[in-house]
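1. Output the structure for:
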Amino acid sequence: MQREVQWYKGVEKLVPVQATTTMNRDRKTPMMVFEEDHRHMIQSKARWIVSLASACTVSTTIIGTIAFSAAIQVPGKDNGKGHPVLYEGTNFTIFSISNAVALYSAMFTFLIFLSIFTTRYAAIDFLYSLPNRLVIGLISLFVSITSTIIAFGSALYLMFSKESQPRILTPVVIMSFGLVTLFVFLQFPLLLNMMKTTYGQSMFNLLDGRNS
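-> All right, here's what the predicted structure looks like:
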């Protein structure tokens, strides 16, 4: 759908300005005719975007809930002064920062995908508006997932590092990197394709460059 709109905007640059707003005998502008001819494609892509946004919204809600709970119940018991006994050290700083990043990025991701639900899904929205929100939302979701995994690993390290239990820490680190790698493997092709078609040269410009 984005390619179709790019072709429309490319052709629009070649015709006089008044031709883009002139109505035909059916009292329809060129954009109205374009949207009518691509109605089924718009509806199909809108359903796909809504389903993707719904899945990502559920994921960010879970991540935000976990991060908020971890911020309240930090690792280590209270030392009587309102601070956990493990708060002094680099590992606790890593846990705090990564957990805060996970919480804020999850909230930001939720707002981004929430804005997708309120989009009117007009044909012109598929050119930049919707792809931009999807790209930003997926990147923010990756940041929140990565930060959550780092916070979880840091919490386990705080709990077990002093007890010298590498048998517990080593599998945790391996699984953490495995989860991040799996997410990148599953979502990176989609993200790369959207970034290429949104921020790169449009199909119209590519063909124009080849012909020249």
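
2. got a list of what the residue most central in space within the chain touches?
-> By Cα atoms, centre = their mean, the mean C-alpha position of the chain lies nearest to Leu138, the distance being 1.6 Å. Applying Cβ atoms under 8 Å, 6 or more residues apart in numbering to Leu138 gives the contacts Cys56, Gln187, Leu190, Leu191. Bear in mind the C-beta positions are built from the backbone N, C-alpha and C, glycine included.

3. and if you look at Pro30?
-> Counting by Cβ under 8 Å, 6+ apart, Pro30 touches Tyr8, Glu12, Ala19, Thr20, Thr22.

4. top of these by neighbour count?
-> Within those, Tyr8 tops the neighbour count with 19 neighbours, counted by other Cβ atoms under 10 Å.

5. Find me the pLDDT at that one, would you?
-> Tyr8 carries a pLDDT score of 83 in this model.

6. wait, it sits on Phe34?
-> Yes. The criterion here is Cβ atoms under 8 Å, and Tyr8 meets it with Phe34 at 5.6 Å.

7. How many residues are close by the residue lying closest to Glu35 once chain neighbours are set aside?
-> Among residues not flanking Glu35 along the chain, Ala123 sits closest, at 4.7 Å (Cβ to Cβ, 6 or more residues apart in numbering). As a burial measure, Ala123 scores 20 neighbours (other Cβ under 10 Å).

8. Ala123 reaches Val33, doesn't it?
-> No. In this structure, Ala123 is not within contact of Val33 by Cβ under 8 Å, at 10.6 Å.

9. Please look at Met1 and Lys45 and confirm they touch.
-> Yes. Here Met1 lies in contact with Lys45, judged by Cβ under 8 Å, at a distance of 4.6 Å.

10. can you list residues touching both of the two?
-> Residues within reach of Met1 and of Lys45 at once, by Cβ under 8 Å, 6+ apart, are Phe126.

11. okay, the two: which has more neighbours?
-> Taking neighbours as other Cβ under 10 Å, Met1 and Lys45 compare with Met1 leading, 20 against 16.

12. ok, now how distant is Phe160 from Ser51?
-> 40 Å (Cβ to Cβ, to the nearest Å).

13. So for these two, which sits in the more crowded spot?
-> Shown here are Phe160 and Ser51; by other Cβ under 10 Å, Phe160 has more neighbours (15 against 10).

14. Buried residues of the strand or helix carrying that one, list them for me.
-> According to DSSP states H and E, Phe160 maps onto helix 129-160. With burial defined by 16 or more other Cβ atoms under 10 Å, the residues of helix 129-160 counted as buried are 129-131, 133-135, 137-158.
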